[in-house]
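1. pasting a predicted model and its sequence here:
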Amino acid sequence: MLNEMKSRFLSGRKLTLWGVGLLLSFQCFAQTQTIEIKENQTSHLIFHSDILYIDIGDNENFIADYTNNIIRVKGIKTDRQTNLTVMTKDQHYYSFFVQYSPTPQLNYFITPQMAIKLLGNTDNKSPPTLPTNQRVTNEDRMNTRKVNLPIRYNALEQNRLSQANLSLYRKAVTLLGQAHLYDYIGARHGDIQLKITGIYHSLKNCFMVYEIRNRGAIPYDISYTEFGIKERKRPKKSALHEKKLAPLFTVKEDITRVLPYQVNEYVVVFGKIAIPSDRLFYMEVVEDGRNITLDILFHKLPIKRFY
């Protein structure tokens, strides 16, 4: 009887230790999950909540930035490993290793279960994204049509604009539907076309009008849009020679779906932009599998004065 009780005790102890070991190994996995990068490619981390804070340990060989709930990580070929720290708006805390790989995994879908720790409460919610209710009445047409989509912005955007940029926003709206200044600045990926139709500059701001045209039968869903400046001649450490430009706002930014046979028009507003002749202005529109990058010789364009 005594031996049987002793055997059960040891068996239960082993089971408990096994459970603790499994929990620790899960935590170690979360802490040591590795994000792979490769030169001239971008790795993406997609979270369930918008990003509040990121930091990458080695900013000489790696760069990381984010838009909404997506983090982009780039780097150069190196044997050095670094770490990436992330905190999301739903108060989840994540930590990753980042290292070079010749055959990297480029897309990572991060779930809250992969977080190391939950900080504070989870009552903070991001403003909801309003869906568009536009419908295509004739999807069999071969020609695209321009739809006058409603201009909407959520409560957070409205509060930001009401403080400083509301008059600037109204000014930008007047550029929608204007005659095109350019018909030759564009890039294409399959049935999706990105086109810059006008660039205007006031004393303090730059206004850029662009359109996304969908000539196919599949909707195009914009994950994010990035703007920046890069060198015309790509150096070896090209990721370190890119400068991201943060817009003040974008008119119709919340309309992220381009329906079949439709054209969506947007106006993005920056502060003053001056780009040297040895640099390019670039724009990248991202949907998983259908990314479009457009390089622009900014200094050679006829830019219209906007009062």
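-> That came in fine, so what should we check first? Residues are numbered from 1 along each chain as shown.
2. okay, domains of this protein per the record?
-> Domain assignment for the chain by automatic domain parsing gives 32-118, 145-305.
3. and the strands in the stretch 51-200 of the chain?
-> 51-56, 62-67, 70-75, 82-88, 92-100, 107-109, 117-118, 145-146, 186-189, 192-201 (DSSP state E, counting those that start in this stretch).
4. quick one: which of those strands has the weakest pLDDT on average?
-> Lowest mean pLDDT within the strands of the stretch 51-200 of the chain: strand 145-146, a mean of 52.
5. and the domains of the chain, which one is worst for confidence?
-> domain 145-305 (a mean of 82).
6. returning to that earlier point: dump the strands of the stretch 51-200 of the chain to a markdown table, plus mean neighbour count and distance to Thr34.
-> C-beta here means a position set from N, CA and C on the backbone, and glycine is covered the same way. Conversion of those to a markdown table gives the following (neighbours: other Cβ atoms under 10 Å; distance: least, Cβ to Cβ, whole Å):
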| stretch | mean neighbour count | distance to Thr34 |
| --- | --- | --- |
| strand 51-56 | 16 | 14 |
| strand 62-67 | 19 | 13 |
| strand 70-75 | 22 | 11 |
| strand 82-88 | 20 | 10 |
| strand 92-100 | 19 | 4 |
| strand 107-109 | 13 | 10 |
| strand 117-118 | 12 | 19 |
| strand 145-146 | 12 | 45 |
| strand 186-189 | 15 | 30 |
| strand 192-201 | 20 | 33 |
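7. got those strands as a markdown table, with distance to Phe207 columns?
-> Formatted as a markdown table, these follow (distance: least, Cβ to Cβ, whole Å):
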| stretch | distance to Phe207 |
| --- | --- |
| strand 51-56 | 27 |
| strand 62-67 | 20 |
| strand 70-75 | 25 |
| strand 82-88 | 32 |
| strand 92-100 | 37 |
| strand 107-109 | 33 |
| strand 117-118 | 42 |
| strand 145-146 | 19 |
| strand 186-189 | 18 |
| strand 192-201 | 4 |
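8. nearest to Tyr210, of those?
-> Nearest of these to Tyr210, taken as Cβ to Cβ: strand 192-201 at 5.0 Å.
9. just checking, what packs against the closest one?
-> strand 186-189, strand 205-214, strand 279-286, strand 292-296, strand 304-305 (3 or more Cβ pairs under 8 Å, 6 or more residues apart in numbering; DSSP states H and E).
10. okay, the angle between it and strand 292-296?
-> 30 degrees (axes from the mean of the first three to the mean of the last three Cα atoms, to 10 degrees).
11. strand partners of strand 192-201, parallel vs antiparallel please.
-> Using DSSP bridges, the strands paired with strand 192-201 are strand 186-189 (antiparallel), strand 205-214 (antiparallel), strand 304-305 (parallel).
12. so what's Cys96 bridging to?
-> Quick fix: residue 96 reads Phe, not Cys. Counting by DSSP bridges, the residues bridging with Phe96 are Leu84.
13. and it, what does it touch?
-> Residues in contact with Phe96 (Cβ atoms under 8 Å, 6 or more residues apart in numbering) are 33-35, 45, 83-84, 86.
14. quick revisit: let's have the strands paired with strand 192-201 in TSV, adding distance to Leu106.
-> TSV is the format used below for these (distance: least, Cβ to Cβ, whole Å):
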stretch	distance to Leu106
strand 186-189	17
strand 205-214	23
strand 304-305	39
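15. most tightly packed of those?
-> Among the strands paired with strand 192-201, strand 205-214 has the highest mean neighbour count (mean count of other Cβ atoms under 10 Å), at a mean of 21.
16. surely Thr42 touches Arg72?
-> Yes - the pair Thr42 and Arg72 passes the contact test of Cβ atoms under 8 Å, sitting 5.2 Å apart.
17. pull up the distance across stretch 50-65, start to finish.
-> Taking Cα to Cα, to the nearest Å as the measure, stretch 50-65 stretches 13 Å from start to finish.
18. could you measure from Ile37 over to Thr111?
-> Between Ile37 and Thr111 the computed distance is 21 Å (Cβ to Cβ, to the nearest Å).
19. quick one, phi psi at Asn61?
-> phi -110, psi -10 (degrees, to the nearest 10).
20. you'd agree it is up against Gly75?
-> Yes - contact criterion Cβ under 8 Å: Asn61 and Gly75 qualify, at 5.5 Å.
21. so which of the strands of the stretch 51-200 of the chain is nearest Asp288?
-> strand 107-109 (7.2 Å).
22. hang on, isn't Tyr94 packed against Ile116?
-> Yes - between Tyr94 and Ile116 there is a contact under Cβ under 8 Å: 6.3 Å.
23. still on that earlier bit, which stretch among the strands paired with strand 192-201 approaches Leu176 most closely?
-> From the strands paired with strand 192-201, taking Cβ to Cβ, the stretch that ends up closest is strand 205-214, at 7.5 Å.
24. okay, the angle between that closest one and strand 279-286?
-> Going by the same axes, to 10 degrees, strand 205-214 makes 40 degrees with strand 279-286.
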